[in-house]
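K.L.:
have a look at this prediction, sequence included:
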Amino acid sequence: MGLNTDLEGLFREPALAILLYLAGTIGKLAGVFLMVPMRKITVREAWTIDPFEPKAMKRKPRCRREKIQSGLGNFLIGYPLLMTIVAIGLFMVEFNRTGHVESARTWVFLSIIFFELYQAFASRSTLFPSIKVGLFKNRALLGAILLSFIVALCAVYLPKMNHLFGTSPLTILELLIVLILSSVGFIYLEISKHLRSKRLALTAD
């Protein structure tokens with residue numbers, strides 16, 4: 001019932017959904033541009049600061065007949081599916097536990113944001129695990145993720161933001177639970193990339 005209420009509200013207020021999407025995008029962009037003056041680099045350099053994938057220049061070019069989405073099923077299907085399952089599961093569990101729509105909505109709100117932030121790390125390479133590419137080499141990305149994380153916390157813990165987004169404060173334990181459960185998609189992507197890179201390495205040999 002609570003989920004149905006939220007979905008109806010989404011259709012009545014599509015502008016809010018667009019606002020949430022833009023807020024996340026603006027947060028990531030702002031993080032990049034804030035890092036520009038700190039590192040004394042140009043905006044163009046900020047976009048190319050991420051290191052290349054290992055042995056990227058040694059790989060054979062893609063086949064002309066190969067579809068652009070080939071090999072990206074984990075990103076295009078698996079990850080969104082996991083995010084949907086986790087978000088709906090969190091909503092149902094929290095709503096049944098407390099009976100408060102605001103609390104359940106907050107769990108879903110944060111889980112979707114955390115899924116997106118985890119995906120920012122995982123998407124740096126569609127083939128190699130993030131650890132192999134380097135988790136902390138892209139400082140601009142780290143700044144953008146940190147800023148997005150802070151904005152998300154403000155939406156949950158500031159009273160005026162609670163009224164705007166229909167959220168409610170979580171305890172530290174609840175926040176950690178959402179943060180950990182939201183990493184399920186990231187773990188899935190890292191494992192799938194590891195297996196795929198191993199398989200391609202065996203094929204090349």
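P.N.:
That came in fine, so what should we check first? Values in this document were obtained by computation on a predicted structure and should not be read as measured data. Numbering: from 1, shown residues only.

K.L.:
gap between the nearest residue to residue 133 once chain neighbours are set aside and residue 132?
P.N.:
Once flanking residues are discounted, residue 133 sits nearest to residue 125: 4.7 Å by CB to CB, 6 or more residues apart in numbering. C-beta here means a position set from N, CA and C on the backbone, and glycine is covered the same way. In this view, residue 125 and residue 132 are 8 Å apart by CB to CB, to the nearest Å.

K.L.:
and the two? which has more neighbours close in?
P.N.:
Just comparing residue 125 and residue 132: by other CB atoms under 10 Å the higher neighbour count belongs to residue 125, 21 against 15.

K.L.:
need the pLDDT of the more buried one.
P.N.:
The model reports residue 125 with a pLDDT of 80.

K.L.:
I figured it hits residue 134, correct?
P.N.:
No - look at residue 125 against residue 134 with CB atoms under 8 Å: they stay out of range, at 9.6 Å.

K.L.:
tell me where this structure has helices.
P.N.:
Using DSSP state H, the helices of the chain run over residues 2-12, 14-39, 43-47, 73, 79-98, 101-122, 130-133, 139-157, 159-165, 172-181, 184-204.

K.L.:
what's the closest non-adjacent residue to residue 110?
P.N.:
According to CB to CB, 6+ apart, the nearest residue to residue 110 is residue 178 (4.8 Å).

K.L.:
count of neighbours near that neighbour?
P.N.:
By other CB under 10 Å, the residues close to residue 178 number 22.

K.L.:
pull up the gap between it and residue 99, please.
P.N.:
Taking CB to CB as the criterion, residue 178 is separated from residue 99 by 19 Å.

K.L.:
quick one: residue 162 from residue 178, how far?
P.N.:
16 Å.

K.L.:
for residue 195, same thing?
P.N.:
The span separating residue 195 from residue 178 equals 27 Å under the rule CB to CB.

K.L.:
before we move on, the earlier item: surely the residue nearest to residue 110 touches residue 170?
P.N.:
Yes - the pair residue 178 and residue 170 passes the contact test of CB under 8 Å, sitting 7.3 Å apart.

K.L.:
common neighbours of these two, please.
P.N.:
Any residue near both residue 178 and residue 170 by CB atoms under 8 Å, 6 or more residues apart in numbering counts here, and that gives 107, 110.

K.L.:
ok, the residue nearest to residue 181 when sequence neighbours are not counted - contacts?
P.N.:
On the basis of CB to CB, 6+ apart, the spatially nearest residue to residue 181 that is not a chain neighbour turns out to be residue 86, at 5.7 Å. Taking CB under 8 Å, 6+ apart as the criterion, residue 86 is in contact with 111, 115, 181, 182, 184, 185.

K.L.:
residue 84 now?
P.N.:
Residues in contact with residue 84, defined by CB under 8 Å, 6+ apart, are absent; none qualify.

K.L.:
mind redoing it with 10 Å?
P.N.:
112, 115 (CB atoms under 10 Å, 6 or more residues apart in numbering).
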